[in-house]
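# here are the coordinates; sequence isn't available:
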């Protein structure tokens, strides 16, 4: 391999699954340097991905800097009308209603054009043809485990308006053939879907509220299947709070304020907004994103020299237009509207490494 050029070696290594590529760093110093410095998704800052729910199209903002003109580039336009669940390390996890309980899940790589359909959840066979509730996507999350290098689709305990109750966590690991069911404890830790489901660093989080009790944040450890609950930083009605990610940390939003969990132990009051907060992702490197429903626009606010422990006020000045659309979100921060935001990094890793007889399309 010493005779192989660096460019060719990059092309080879970036097609390996994340776990194998990480192990390849130990082959020699040259391979380590190529993996650390030559593979796009290991060092690049995530881009702003904007998903149009009406169109079922993914766009990437061309620029977040002060020179931005508000233009976007179309990234992915699938033939099926999907809901985007999450973007993770260059892969998109999408949902479509279909004819089965829990909907149908597809994973796609926009860079290679591949899509992979996952098998239905175990309960689906018992409920084929029932349409009492069709928007199942709110209970799903898409996770990447940094230790094992595995991608996982997680469905959390929840209730769909008496149509059906899920009392356990269901996990599907890309590369496997079946879903795995994990107990969520005697209370079931039922998710309040309005607050969202989020996965960060091998943990999946959701909010649960039981009658007469305060809201709690539930965490599910994808390593050992532990389910743990903790208190929220401030009390709030379940329809006035939601989860977010802030620099790879768990965030908790009760508009106009955002709290961030530091070292998994303490909450700090990090941001206070004067404009709308996009759902699902609003922090991109040194930029914070806001949305304005009246003008159908997204704005970038550059934070320079801010202390990670100090409260930052995100006002209406010194902002840059990064995207402008024909339709606006239908509410100020609690999004039920058309556009949702995610972090995106490109990968050339083929989905075929996870196929195992699943359907792969190009």
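Received it, and whenever you're ready, just let me know what you need. A quick note: this is a predicted structure, and the numbers were derived from the prediction, not measured.
# name the element residue 11 belongs to?
Using DSSP states H and E, residue 11 falls within helix 6-13.
# now that helix: buried residues?
The neighbour-count check on helix 6-13 (16 or more other CB atoms under 10 Å) flags 9, 10, 13 as buried. (C-beta placed from N, C-alpha, C; glycine too.)
# give me the number of residues near residue 118?
The local packing of residue 118 (other CB atoms under 10 Å) involves 19 other residues.
# give the contact list for it.
Going by CB atoms under 8 Å, 6 or more residues apart in numbering, residue 118 touches 104, 105, 106, 107, 153, 172, 358.
# ok, back up a step: just send the buried residues of helix 6-13 back as a markdown table, with pLDDT and distance to residue 272 too.
A markdown table is the format used below for the buried residues of helix 6-13 (pLDDT from 0 to 100; distance: CB to CB, whole Å):
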| residue | pLDDT | distance to residue 272 |
| --- | --- | --- |
| 9 | 85 | 47 |
| 10 | 84 | 43 |
| 13 | 82 | 43 |
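# what is the nearest of these to residue 48?
residue 10 (25.3 Å; CB to CB).
# neighbours of residue 32, just the number please.
13.
# same check, this time on residue 33
Neighbours of residue 33 (other CB under 10 Å): 12.
# swap in residue 62?
Neighbour count of residue 62, defined by other CB under 10 Å: 16.
# spatially nearest residue to it (excluding sequence neighbours)?
Leaving aside its chain neighbours, residue 62 sits nearest to residue 71 (4.8 Å; criterion: CB to CB, 6 or more residues apart in numbering).
# surely that neighbour meets residue 60?
No: the criterion here is CB atoms under 8 Å, and residue 71 misses it with residue 60 at 10.3 Å.
# more neighbours, those two?
Ranked by neighbour count (other CB under 10 Å), residue 71 and residue 60 place residue 60 first, with 17 against 13.
# what about the more buried one, distance to residue 348?
Distance, residue 60 to residue 348, using CB to CB, to the nearest Å: 16 Å.
# with residue 15 instead?
Per CB to CB, residue 15 is found 6 Å from residue 348.
# before we move on, what about residue 230?
Distance from residue 230 to residue 348, by CB to CB: 38 Å.
# residue 104 now?
Taken as CB to CB, the span from residue 104 to residue 348 is 26 Å.
# same question for residue 302.
Applying CB to CB to residue 302 and residue 348 gives a distance of 30 Å.
# now do the contacts for the residue nearest to residue 62.
61, 62, 63, 323.
# and those residues as TSV, adding pLDDT, secondary structure and distance to residue 191?
Conversion of the contacts of residue 71 to TSV gives the following (pLDDT from 0 to 100; DSSP: H, G, I helix; E, B strand; the rest coil; distance: CB to CB, whole Å):
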residue	pLDDT	secondary structure	distance to residue 191
61	91	strand	30
62	86	coil	35
63	86	coil	36
323	87	strand	30
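# so what's residue 139 up against?
So residue 139 contacts 155, 156, 158, 166, 191, 193, 197 (CB under 8 Å, 6+ apart).
# from what I see, the fifth one and residue 209 are in contact.
Right, the one you point to is residue 191. No: assessed by CB under 8 Å, residue 191 is found out of contact with residue 209, at 9.6 Å.
# who's more crowded, those two?
residue 191 (26 against 19).
# can you tell me how far that one is from residue 137?
From residue 191 over to residue 137 (counting by CB to CB), the distance is 13 Å.
# next: residue 252.
Distance from residue 252 to residue 137, by CB to CB: 21 Å.
# pass me the low-pLDDT residue ranges in the stretch 51-200 of the chain, would you?
In the predicted model, the stretch 51-200 of the chain carries pLDDT under 70 at residues 98-102, 124-135, 161-163.
# how about the contacts made by the residue nearest to residue 267 when sequence neighbours are not counted?
Distances taken as CB to CB, 6+ apart place residue 233 nearest to residue 267, at 3.7 Å, with adjacent residues excluded. Counting by CB under 8 Å, 6+ apart, residue 233 makes contact with 252, 259, 267, 269.
# any idea of the pLDDT on the third one?
Reported pLDDT at residue 267 in the predicted model: 95.
# so it sits against residue 260, correct?
Yes: with contact defined as CB under 8 Å, residue 267 reaches residue 260; the gap is 7.0 Å.
# so for this structure, the centremost residue is which one?
residue 86 (3.5 Å; CA atoms, centre = their mean).
# helices of the protein, residue ranges please.
6-13, 18-24, 29-38, 40-43 (DSSP state H).
# comparing these, which yields the minimum mean pLDDT?
It's helix 40-43: among these, that one has the lowest mean pLDDT, namely a mean of 47.
# how close does residue 175 get to residue 108?
For residue 175, the distance to residue 108 equals 16 Å [CB to CB].
# looking at the two, which is more packed in?
Using other CB under 10 Å as the criterion, residue 175 and residue 108 rank with residue 108 on top: 21 against 13.
# how far away is the closest residue to residue 159 other than its chain neighbours from residue 6?
In space, residue 159 comes closest to residue 165 once its chain neighbours are excluded; the distance is 4.6 Å by CB to CB, 6+ apart. Computed as CB to CB, the residue 165 to residue 6 distance reads 55 Å.
# all set, thanks.
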